[in-house]
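J.: Predicted model, plus sequence, below.
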Amino acid sequence: MTRLDKALDIDPQNWGSHFILGQTGMASGDFPAAVAAAERAHAVHPQHSMPSGLLAAALVRAGDADRAAALIRQQGDSPTPLYGRALYHLYCSEVDSAAACWAKMIEQRELFAVEFVSSPEVRPLRESRHWPALATLMNLTFERDRDSRWSPREAP
């Protein structure tokens, strides 16, 4: 039994554990498992954009683009937090749209803009033409070493 399974045994309403299982399904290419886990996360916390964005992306990858589009429309143009929409765009390989969301996240000082900047899902954005401007807005520099670490920009 994994730690996530234990966490869900203790609290089956823990949307975060279901969310992580959904991310794991996405990362491994097991889109039906990602949909199932994201469905559970979304059912527990439907007003939060992270489970909604993950579910929409998993649905797209599993071939149900119509249902995904309905979820995205339901969230509106400014879901809370915006990271959920950025995550959706990243999972759907829509880097330009993800960059636009990330810029809004920075402008609105959304914590997730910095908290998840080094997560694997964000790598396509970090490797995009948009990244230098976004990193500058966050006052970050990217050290292109073997660990792909982020560090604060040093004061002049």
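T.: Right, received. Where do you want to start?

J.: how does this protein divide into domains?
T.: 1-80, 98-156 (automatic domain parsing).

J.: as a whole number, average confidence for the last one?
T.: Read it as domain 98-156. For domain 98-156, mean pLDDT rounds to 82.

J.: swap in the first one?
T.: Mean per-residue pLDDT for domain 1-80: 94.

J.: For residue 91, which of the domains of the chain is the nearest?
T.: Across those, residue 91 has its closest neighbour in domain 1-80 (3.4 Å, Cβ to Cβ). In short, each C-beta sits where N, CA and C put it, glycine included.

J.: Name the residue closest to the centre of the protein, please.
T.: Using Cα atoms, centre = their mean, the residue of the chain that lies closest to the mean C-alpha position is residue 87, 2.9 Å off.

J.: which residues does it contact?
T.: Contacts for residue 87 (Cβ atoms under 8 Å, 6 or more residues apart in numbering) come out as 50, 53, 54, 57, 121.
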